[in-house]
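> Structure for the following, please:
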Amino acid sequence: MRDLAGVAALVTGGASGLGLATAQALAAAGARVAALDLRPGEAAPGILPLACNVAEEASVAAALDAAEAAHGVARIVVNCAGIPGSMRLVGREGPVDMTRFAQVINVNLLGTVSVMTKAAARMMALDPLAPDDERGVIVNTASITAFEGQIGQGAYVASKGAIAAMTIQAAREFAAKGIRVLAIAPGLFHTPMAAEVPPEVVEAITSDAIFPRRFGAPEDFADLCLSMTRNPMLNGEVVRLDAGVRLRAR
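Alright, predicted model coming up:
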């Protein structure tokens, strides 16, 4: 979809960080955006804020219904909703707290799958668009921790690794209906979640970056997301967005 004018889009985690920047970029390109978030932000030109807990199926279905009523069925879906998950698999107090572990999986992984599949099912009923008979595109958020999991990040690594692994599988499954599936694996970005990263880890990551030696800006993520949306030959790929950094073990 090279022309996004009037196209309906959904962005989860759309009230802050990567999601907010993506919602704003899509709206600036002419898309009609529904920004889903646990704590929705203020309405803005082209952006409809909607309350949604991605870990609750009923909440996801209700948000998709509201977005569809306002803008029609979304042809663009970007999943940015997520929570941090710093915890050792075995720490000073013993094995990991499975309730905490499951919470990270429920939001980051199952929430992404819930939105992706429910949105894709609606997308499949749309008329295909020329010239490639495309019906839509879904971009999920993985992480470079999916490939270089750091000590103490077990739950987060598990959630993001699964998203990365599902990318080609979902792309293959949805291909017959003209729906592309991609994922972005960001490094360290200026987002509210970055506040959870210990200063020594931040220093290690930025000092190891090839170029540029800085945190990523949410706008960098949004730019790539729009490029993915507009390029029909991109499908089934997990694209690292990390300035060339490779994570240390800790």
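> mind listing what the nearest residue to Asp208 once chain neighbours are set aside touches?
What sits nearest to Asp208 in space, not counting adjacent residues and going by C-beta to C-beta, 6 or more residues apart in numbering, is Val245, at 5.3 Å. Any C-beta I mention is one placed from the backbone N, CA and C, and that applies to glycine too. Each residue near Val245 by C-beta atoms under 8 Å, 6 or more residues apart in numbering is listed here: 144, 187-188, 205-206, 208-210.
> Tell me the buried residues within these.
Using 16 or more other C-beta atoms under 10 Å as the burial test, the contacts of Val245 include 144, 187-188, 205-206, 209 as buried.
> hey, which helix is longest across the chain?
Ordering each helix of the chain by length in residues (DSSP state H) puts helix 154-174 first.
> Show me the contact partners of that helix.
Contacts with helix 154-174, where a contact means C-beta under 8 Å, 6+ apart, come from 82, 84-89, 96, 100-101, 104-105, 107-109, 112-113, 116, 120, 124, 138, 140-143, 145-147, 149-150, 180-183, 185, 235-238.
> Helices of the protein, residue ranges please.
If you assign secondary structure with DSSP H, the helices in the chain sit at 17-28, 57-71, 98-104, 111-123, 154-174, 199-208, 218-230.
> How far does the fifth one sit from its chain's centre?
In this view, helix 154-174 has its centroid 11 Å away from the chain centroid, taken as C-alpha atoms, centre = their mean, to the nearest Å.
> repeat for stretch 7-21
Mean-position distance between stretch 7-21 and its chain equals 9 Å (C-alpha atoms, centre = their mean).
> That stretch: end-to-end distance?
Terminal residues of stretch 7-21 are spaced 18 Å apart (C-alpha to C-alpha, to the nearest Å).
> Tell me where the chain is predicted with low confidence.
Residue ranges of the chain with pLDDT under 70: 194-198, 201, 205.
> mind running it again at 50?
The chain contains no residues with pLDDT under 50.
> other SSEs contacting the longest strand along it?
The longest strand of the chain (DSSP state E) is strand 179-186. Applying 3 or more C-beta pairs under 8 Å, 6 or more residues apart in numbering; DSSP states H and E, we find strand 179-186 packed against helix 111-123, strand 136-141, helix 154-174, helix 218-230, strand 238-241.
> mind running it again at 6 Å?
Contacts defined by 3 or more C-beta pairs under 6 Å, 6 or more residues apart in numbering; DSSP states H and E place strand 179-186 against strand 136-141, helix 154-174, helix 218-230, strand 238-241.
> Let me know which of these is tucked in deepest.
Looking across these with neighbours counted as mean count of other C-beta atoms under 10 Å, the highest average goes to strand 136-141: a mean of 27.
> any idea how far that one is from the chain center?
Worked out by C-alpha atoms, centre = their mean, strand 136-141 lies 8 Å from the chain centre.
> Neighbouring strands of it in the sheet, and parallel or not?
Here strand 136-141 has these sheet partners by DSSP bridges: strand 76-79 (parallel), strand 179-186 (parallel).
> Pull out the buried positions in stretch 114-128.
So for stretch 114-128, counting by 16+ other C-beta under 10 Å, buried means 114-116, 118-120, 122-123, 126.
> Can I get it in PDB, CA atoms only?
Below are the C-alpha coordinates for stretch 114-128, written out as PDB (Å, rounded to 0.1, in the frame of the first residue of the first chain):
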ATOM      1  CA  SER A 114      -4.800 -11.900  19.900                       C
ATOM      2  CA  VAL A 115      -4.800  -8.600  18.100                       C
ATOM      3  CA  MET A 116      -3.000 -10.000  15.000                       C
ATOM      4  CA  THR A 117      -5.400 -12.900  14.500                       C
ATOM      5  CA  LYS A 118      -8.600 -11.000  15.300                       C
ATOM      6  CA  ALA A 119      -7.600  -8.200  13.000                       C
ATOM      7  CA  ALA A 120      -6.400 -10.600  10.300                       C
ATOM      8  CA  ALA A 121      -9.800 -12.400  10.300                       C
ATOM      9  CA  ARG A 122     -11.600  -9.200   9.600                       C
ATOM     10  CA  MET A 123      -9.000  -8.100   7.000                       C
ATOM     11  CA  MET A 124      -9.500 -11.300   5.100                       C
ATOM     12  CA  ALA A 125     -13.100 -10.300   4.200                       C
ATOM     13  CA  LEU A 126     -11.900  -7.100   2.500                       C
ATOM     14  CA  ASP A 127     -11.700  -6.600  -1.200                       C
ATOM     15  CA  PRO A 128      -8.100  -7.000  -2.400                       C
END
